Every structure is written in structure tokens, then in C-alpha cells.
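**Q** With the sequence up front, the predicted model follows.
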Amino acid sequence: MRLGFVALRPKRSFCGEERGAVAVEFAFATPLLLLLLSGAIDFGLALNQSSSLTSAARAGAQYGMRFPSDSEGIAQAVTKAVNYDPATLTITSQLTCECADGSAVACTDTCGGAAPRSFVTVNVSMPYSSPLPTGLMLGPVTVSGSAVFRAN
């Protein structure tokens, strides 16, 4: 008699089965999550390089405070302050002068009989090459740092 009772039990349909649904959803979501994580890591590495270049630009500007017209010495101070290949760095330095009211003036001129204030601006940039596959989506990117110090 019991065999007849078992045969009357309704069968489960395949479409109503929910076992394994979490595994399938995880399999679809994992590549997207890894791509987002890779992008966040890549962005952090680029910020780290930019911060390092800004520190190097400060070192060059500090040297430029004492020797504002020595562009070669400023470039050497920058390359010593950073661990990147000097051939990849683009270093520019500029000496600018202004009067007390903020108007630009040539450094050889005077401002109402007083010497103008002089500033050294140092810019450092380099191409960023990502070690992760997300860098391929961005294309060529340049990171940079800059500093401006008063020379006198």
C-alpha cells in the first residue's frame, strides 16, 4: 500500500529549483568585482606616483630657492629625490617675479624702488604605465607634480 502513496507525491519541477543559484550569481558578479578592484588599485598606484613626483618637485624648488637660475641643478635635485628612471621624467623650472600688488614684472625691473618678489616653479611629469590590465582601457596617462616656492 505504501508504494501507491509514494507514487501520488508531486514531482518537483526543474524550474523551481533554487539550489546553486548563489553560485551562478557569484560566477557572473566576480569578473565585474575584480575589474572594479583592479581599477581601484590602479588609481591608487597612479596617485602614489603623483605624490612622489610632487615631493620631488618640492625638493627641486627648495634647491631653486637658493639658486633660482640654475635649471640644471634643480633638475638634478629632482632626479635625486625620486626613484624613477630619469630618462622618463620631464622636468621644467621657471623663475617668475611680481610686485607686492601681484602684478607680473621682469626680474630685472623694480617695483616702486623695491626689488620684486621672485618665485621658482618646478613641474615634473612622467608617463604612467599600469602593471594591471585596467591600464589598457585608459590608454596613455601622464602623472605630474609641481611646486612653487618663493626665491627671496
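**A** That came in fine, so what should we check first? Numbering: from 1, shown residues only.

**Q** How are the helices of the chain distributed by residue range?
**A** For the chain, applying DSSP state H gives helices covering 2-7, 21-66, 71-80, 135-138.

**Q** now, of those helices, which is deepest in the fold?
**A** With neighbours taken as mean count of other Cβ atoms under 10 Å, the helices of the chain reach their highest mean count in helix 71-80, at a mean of 19. Every C-beta, even on glycine, is put in place using the N, C-alpha and C of the backbone.

**Q** Run through who's touching that helix.
**A** 56-57, 59-64, 67, 86, 89, 91, 93, 120, 122, 124 (Cβ atoms under 8 Å, 6 or more residues apart in numbering).

**Q** pLDDT weak spots in this structure?
**A** 1-17, 134-136, 138 (pLDDT under 70).

**Q** Where is the longest strand in it?
**A** strand 117-128 (DSSP state E).

**Q** still on that earlier bit, any chance of the helices of the chain in a markdown table, plus distance to residue 145?
**A** As requested, these are exported to a markdown table (distance: least, Cβ to Cβ, whole Å):
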| stretch | distance to residue 145 |
| --- | --- |
| helix 2-7 | 77 |
| helix 21-66 | 3 |
| helix 71-80 | 9 |
| helix 135-138 | 19 |
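
**Q** Which one of those helices lies nearest to residue 102?
**A** Nearest of the helices of the chain to residue 102, taken as Cβ to Cβ: helix 21-66 at 19.8 Å.

**Q** Give me the helices and strands touching the closest one, please.
**A** Applying 3 or more Cβ pairs under 8 Å, 6 or more residues apart in numbering; DSSP states H and E, we find helix 21-66 packed against helix 71-80, strand 90-98, strand 117-128, strand 141-150.
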